[in-house]
Structure formats: structure tokens, C-alpha cells
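*Asks:* Just need the structure, nothing else, for what follows:
(one chain, ligands or ions: 2)
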Amino acid sequence: MPRNHHPHPSEVTPESVYLNRRAFIKRASVAGIGGALIAGGVVAKQRNAPRVEGTFDDELTPWETVTGYNNFYEFGTGKGDPKKNAQDFKTDPWAIEVTGEVSEKRTFSLEELIDGLTIEERIYRLRCVEGWSMVVPWNGFMLKDLIERLGPTEDANFVEFTTLMDRRQMPGQNSPILPWPYVEALRMDEAMHPLTIMVTGVYGKTLPPQNGAPIRLMVPWKYGFKSGKSIVKIRFTKRQPRTTWNEAIPREYGFYANVNPEVDHPRWSQATERRLGEFFRRDTLMFNGYEEVASLYEGMDLTRYY
Ligand SMILES: Nc1nc2c(c(=O)[nH]1)N[C@H]1C(S)=C(S)[C@@H](COP(=O)(O)O)O[C@H]1N2
Ligand SMILES: [Mo]
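*Replies:* Ligands and ions are numbered 1, 2, ... in the order given. Now for the predicted structure:
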């Protein structure tokens, strides 16, 4: 592998600098549910991070793994492909269309859309269906805050996120491995949960393209594939939207995709996982350890709604 093609972590612009350049962040202090604030490019200390059962004491997955072992099929299906193929991906300027069941349908620049929302750090586990997991200090803001600003109508029961479609920049879209563009969606109460964030950075730095720059979703109690990357469209809907993996292989990937050790993927058990960098497998926790979301699914048969 031509190592010189990959920027060293220290060459990546610290997210704070980048955000200042784009001039859209108001640095207010965070209280309550919010986590630690990123200031001056320094990664906030772990002790200031929100208490998240199951992940709080876990060791962080190293930067090299977080940004070098990725799923982003638009840039290839190998875990090393996104880092190799996404380096020239153009993320500035970036526009996001807001449409569907919302008071004002329009296209925003990324800056306009998230102006004033508080960027914080959240240490979250990402659990993948293939049985690996990592613990990542994401930088982002609560999706809830954005949704409240956008003002969905009474009929908005779901919110859908669409990834950029650009065959020239995203070579993977030239093959029919998935129905493009990549689409993910959440039920409105899932989207409004304070654990659900939109991510613009990682490790206190600008989100690298392979991780879904400039903005991606992160839902820590769901399998990784629910976290759509490089989002260009947010649509509020009355009915449950079609989502990419569910459409591609419905028997294997449901709409909900909650991490659940008791519901196996047809081709492999979901009872254990391998934390990247560790040797022994660990037990997978219900809702990835984020038990506070259980009430969202009360009365639902999670083997049916997987
Ligand atoms: N647009 C898009 N988003 C995507 C994917 C993808 O292929 N395309 N892969 C998903 C899967 S399966 C996982 S596990 C996570 C991986 O995120 P990471 O590379 O930042 O760890 O991104 C998710 N978001
Ligand atoms: Mo995944």
C-alpha cells in the first residue's frame, strides 16, 4: 500500500480550526445531557464525557483503526478501500435538501443548517453486523436539536437520510452491489432521542471522508449500517421509508437494526463481538449497552421487528 497517499493524523486539520474556517459554530458551554465541549482543538477528557453505560470505561479504538477500517461501499467493499479511495472527496461546499413533511422545504448549505448547534464529544460504540465493534469519540450535535429547528409537521412519523449520489466521485456507485443512493431512516422517536447524533468530527478533528464527511448519522444502539454517511437529503415522511440494506437483503437486515444478542443474523450469531484491537470476543449487550432506549420498543416483538 502506498503509505504516502494517506495523511498522517497530525496533518488533518483539527476540527475546531476547520469549523472556525467555516464559521458556523457558537461555542456555548454544554450542560445536562450534553457531553464535553471541544475547545481549541483539544480532545475533551474522557471524565467529562457523558456517562454511557457499557462504553464509558472502555478503551478508545485508535485513530488509525477508526479511520482505516471502514464500511462505505460507495468507495469500495474492502475495509481499507474507503480510506484509499475517498481522499479527494469534495465536501466543501456541501448542500442538504430538507423536504417532505416539514414546514419549510428548502436546500441549506451545511453551514446554514447547523449554525449555532452545539458541537460536543460523545464516546460511542459502533457495533457492526459482521461481528466487530469499536469505541469512538465522535464530535457532533444532537439530531433532536436540528429537527426542532426544521419543524416537521404533525404527519412526520419517520425521518430519512440520503447519501450523496455521484458516480464520478464514488466509484462504488458504478456497480450494482447496493441500490443507490444509500438511504437510511429512523422512526421519529428514535431520531429525537438525545443519544442520536449527527457527526461532523472524530477525535476532535474534521471527519475524514472515509467516515462520512462532512456529516453523517450515528445511532449508538443500532448496527453500524443505520448510520448513513455524507448526507445530502433529510426527508420527513408519514410512512416508513425504504432503506438500502433492508431493500437489498430484507431477510438479513431489518428497518430497526437494533443491536440485539438474541436475534441472529441468518448467516452468523450476534451474541458476541470482537472489539477491534482485542483478541477475545466479548458478549454483545442488548441495545449495544444503551439500555435507556428500551422504552422506545415497549410492546414490540423485536424478533419480528429486527
Ligand atoms: N453511505 C453509506 N453509509 C454507510 C455505509 C455505506 O456503505 N454507505 N456503511 C455503514 C456501515 S455497515 C457501517 S458499520 C458504518 C461504518 O462507519 P465508520 O466507517 O465510520 O466506522 O457506516 C455505515 N454508513
Ligand atoms: Mo456495518
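*Asks:* Ligand 2 contacts on the stretch 151-300 of the chain?
*Replies:* Neighbours of ligand 2 within the stretch 151-300 of the chain, by CB under 5 Å from the ion: 224-225. To be clear about C-beta, it is placed using only N, CA and C from the backbone, and glycine gets the same treatment.
*Asks:* Quick check: phi and psi on whichever residue of the stretch 151-300 of the chain sits closest to ligand 2?
*Replies:* Here the stretch 151-300 of the chain gets closest to ligand 2 at one residue, G224, 3.3 Å apart by CB to the ion. Main-chain dihedrals, G224, degrees, to the nearest 10: phi -50, psi -30.
*Asks:* low-scoring stretches of this structure, by residue?
*Replies:* 1-56 (pLDDT under 70).
*Asks:* So which residues of this structure form strands?
*Replies:* 36-37, 95-100, 106-109, 120-127, 132-142, 158-163, 183-187, 197-202, 205-206, 216-218, 231-237, 272-275, 282-283 (DSSP state E).
*Asks:* of all these, which lies closest to Y305?
*Replies:* Nearest to Y305, of all the strands of the chain, is strand 183-187, at 10.3 Å by CB to CB.
*Asks:* Can you give the strand pairings for the closest one, parallel or anti for each?
*Replies:* strand 158-163 (antiparallel) (DSSP bridges).
*Asks:* Now do the strand it pairs with: everything it contacts.
*Replies:* 74, 100, 147, 152, 181-188, 191, 217, 228-241, 243 (CB atoms under 8 Å, 6 or more residues apart in numbering).
*Asks:* Of these, which are in range of ligand 1?
*Replies:* Restricting the contacts of strand 158-163 to those touching ligand 1 (CB under 6 Å from any ligand atom) yields 74, 182, 228-229.
*Asks:* Which residue does the protein have closest to ligand 1?
*Replies:* Ligand 1 sits closest to G224 of the chain, with a gap of 2.3 Å, by CB to the nearest ligand atom.
*Asks:* Next, count neighbours for that residue.
*Replies:* Summarising burial for G224: neighbours were counted as other CB atoms under 10 Å, giving 21.
*Asks:* For the closest residue to it other than its chain neighbours, give me its contacts.
*Replies:* Nearest residue to G224, sequence neighbours excluded (CB to CB, 6 or more residues apart in numbering): C128, at 4.4 Å. Counting by CB under 8 Å, 6+ apart, C128 touches 71, 223-225.
*Asks:* Taking these, tell me the two that lie furthest apart.
*Replies:* N71 and Y223 (10.5 Å).
*Asks:* Looking at these two, which has the bigger crowd around it?
*Replies:* Per other CB under 10 Å, whichever of N71 and Y223 has more neighbours is Y223, with 24 against 19.
*Asks:* hmm, back to that, could you check how far the residue of the stretch 151-300 of the chain closest to ligand 2 is from L117?
*Replies:* 24 Å (CB to CB, to the nearest Å).
*Asks:* Same question for E148.
*Replies:* Computed as CB to CB, the E148 to L117 distance reads 10 Å.
*Asks:* Figure out which of the strands of the chain is closest to M170.
*Replies:* M170 lies closest to strand 158-163 among these, at 8.6 Å (CB to CB).
*Asks:* Would you mind naming what in the stretch 1-150 of the chain lies close to ligand 1?
*Replies:* 70-74, 126, 128.
*Asks:* Around E104, how many other residues sit close by?
*Replies:* When counting by other CB under 10 Å, one arrives at 9 neighbours for E104.
*Asks:* Need the nearest residue in space to it, chain neighbours excluded.
*Replies:* G151 (6.9 Å).
*Asks:* sorry, back to before: would you check how far apart the residue nearest to G224 and E291 are?
*Replies:* C128 is 20 Å from E291, by CB to CB.
*Asks:* Reformat the strands of the chain as TSV; add mean neighbour count.
*Replies:* Below are those laid out as TSV (neighbours: other CB atoms under 10 Å):
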stretch	mean neighbour count
strand 36-37	18
strand 95-100	18
strand 106-109	14
strand 120-127	24
strand 132-142	23
strand 158-163	25
strand 183-187	22
strand 197-202	26
strand 205-206	24
strand 216-218	24
strand 231-237	21
strand 272-275	18
strand 282-283	10
